[in-house]
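Peer 1: Sharing a sequence plus its predicted fold:
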Amino acid sequence: MPASQTSKALEVVVEMKWNQAVIAIMLPLVFPSLVFAQESLNQTTLHPNLYMTPLSSYSRYGKSLAITRQPELMYMLDRIQREIQSSRFEILDLNQAPKAGLGFWSNPNVLAPEVRFLGLAVKVNIRLTYFPDSDQGRLADALDAFGKDLIKIMGDTLELIPEPSVKGIVLVLIYSKAELKDPAFYDKAEASVIYISRTDLKKFNSFQITLHKLFENVDCYYFNGKDQINVLLNYFLRG
């Protein structure tokens with residue numbers, strides 16, 4: 001399929017899901033603004049543990065998973081760093097967010113306290129080469145550039161984690177037209193938190209369902225701007 005048709009199809013998928021199930025987070029800004037940490041280190045120099053949610057940030061359910069499944073988290077981190085090398089993409093670390101970029105996080109839509117999702121949080125510089133400068137277009141651009149590859153890697157990792165309490169994956173995409181190193185990156189950034197069930201993920205990665213069908217079934221939460229992303233990173237994501 002030509003690039004223009006592929007981009008149009010992905011935009012339609014995102015727009016449908018946005019209209020149907022994306023929950024706009026419009027929380028009162030009662031929390032103090034977060035001064036986002038400036039990155040003083042190149043990510044390739046960081047110890048792998050700096051990408052992991054600290055054990056102190058977990059409940060007892062999440063902590064047990066994080067300890068026993070650390071090799072799988074390391075596997076996922078290694079694959080992402082090897083397979084996705086771009087100046088437009090990086091995994092969050094503890095210099096940038098209290099939960100860092102990899103862990104087992106809960107879904108506010110699921111009440112069972114033991115349920116977790118294999119989580120990944122990343123920053124993306126979007127270019128909008130094929131997509132319009134709209135809410136749906138910006139998310140579609142981030143998904144087209146990196147989201148599909150990340151979903152595949154996360155699905156492969158999830159296959160190594162048989163615990164029934166791990167119900168799927170959660171991909172946190174923080175995207176902006178600003179470059180990653182730009183101090184103003186978060187000022188006009190947006191974030192989408194996408195929960196995908198284990199069953200749907202397996203079907204998608206084995207080509208049994210399309211991206212269109214996959215997005216009909218996800219839980220998706222939307223955050224807009226620095227203050228709301230502060231809420232996302234400090235309060236929404238829970239171990």
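Peer 2: Sure thing, it's come through. Remember, predicted model here, so these are calculated numbers, not experimental data.
Peer 1: So, low pLDDT: which residues of this structure?
Peer 2: 1-46 (pLDDT under 70).
Peer 1: Please, which helix or strand holds the residue nearest the centre of it?
Peer 2: Centroid-nearest residue in the chain: residue 172, 1.8 Å away (criterion: C-alpha atoms, centre = their mean). Assigned by DSSP states H and E, residue 172 falls within strand 166-176.
Peer 1: ok, how many other residues are close to residue 181?
Peer 2: 11 (other C-beta atoms under 10 Å). From N, CA and C alone the C-beta is placed, and that goes for glycine too.
Peer 1: And it, how far from residue 148?
Peer 2: 25 Å (C-beta to C-beta, to the nearest Å).
Peer 1: Check residue 226 too.
Peer 2: Residue 226 is 27 Å from residue 148, by C-beta to C-beta.
Peer 1: Enumerate the beta-bridge partners assigned to the residue nearest to residue 109 when sequence neighbours are not counted.
Peer 2: Once flanking residues are discounted, residue 109 sits nearest to residue 219: 5.3 Å by C-beta to C-beta, 6 or more residues apart in numbering. Beta-bridge pairing for residue 219 (DSSP bridges): residue 195.
Peer 1: Next up, the contacts around residue 219.
Peer 2: Contacts for residue 219 (C-beta atoms under 8 Å, 6 or more residues apart in numbering) come out as 21, 107, 109, 194, 195.
Peer 1: Contact partners for the fourth one?
Peer 2: Read it as residue 194. Counted by C-beta under 8 Å, 6+ apart, residue 194 has contacts 170, 171, 172, 173, 218, 219, 220.
Peer 1: What is the most widely separated pair among those residues?
Peer 2: The largest separation in the contacts of residue 194, counting by C-beta to C-beta, is between 173 and 219 at 14.2 Å.
Peer 1: which residues in the protein form strands?
Peer 2: Using DSSP state E, the strands of the chain run over 22-24, 89-91, 102-105, 116-125, 166-176, 190-197, 219-224.
Peer 1: hmm, back to that, comparing residue 226 and residue 148, which shows the higher neighbour count?
Peer 2: Neighbour count, other C-beta under 10 Å: between residue 226 and residue 148, residue 226 has more, with 17 against 12.
Peer 1: And that one, how far from residue 104?
Peer 2: The separation that residue 226 has from residue 104, given C-beta to C-beta, amounts to 27 Å.
Peer 1: Who are the contact partners of the closest residue to residue 199 other than its chain neighbours?
Peer 2: The shortest distance from residue 199 to any non-neighbouring residue, by C-beta to C-beta, 6+ apart, is to residue 168 (8.0 Å). Residues in contact with residue 168 (C-beta under 8 Å, 6+ apart) are 117, 118, 158, 195, 196, 197, 198, 199, 200, 201.
Peer 1: now do 10 Å
Peer 2: Applying C-beta atoms under 10 Å, 6 or more residues apart in numbering, we find residue 168 in contact with 107, 110, 115-118, 154-155, 158, 195-202, 218-219.
Peer 1: State whether the residue nearest to the centre of the chain and residue 118 are indeed in contact, as I suppose.
Peer 2: No: at 11.8 Å, residue 172 and residue 118 do not qualify as touching, with contact defined as C-beta atoms under 10 Å.
Peer 1: where do the contact lists of these two overlap?
Peer 2: residue 105.
Peer 1: The residue nearest to residue 142 when sequence neighbours are not counted pairs with what?
Peer 2: For residue 142, ignoring the flanking residues on the chain, the nearest one in space by C-beta to C-beta, 6+ apart is residue 175 at 4.1 Å. On the basis of DSSP bridges, residue 175 is bridged to residue 124, residue 190.
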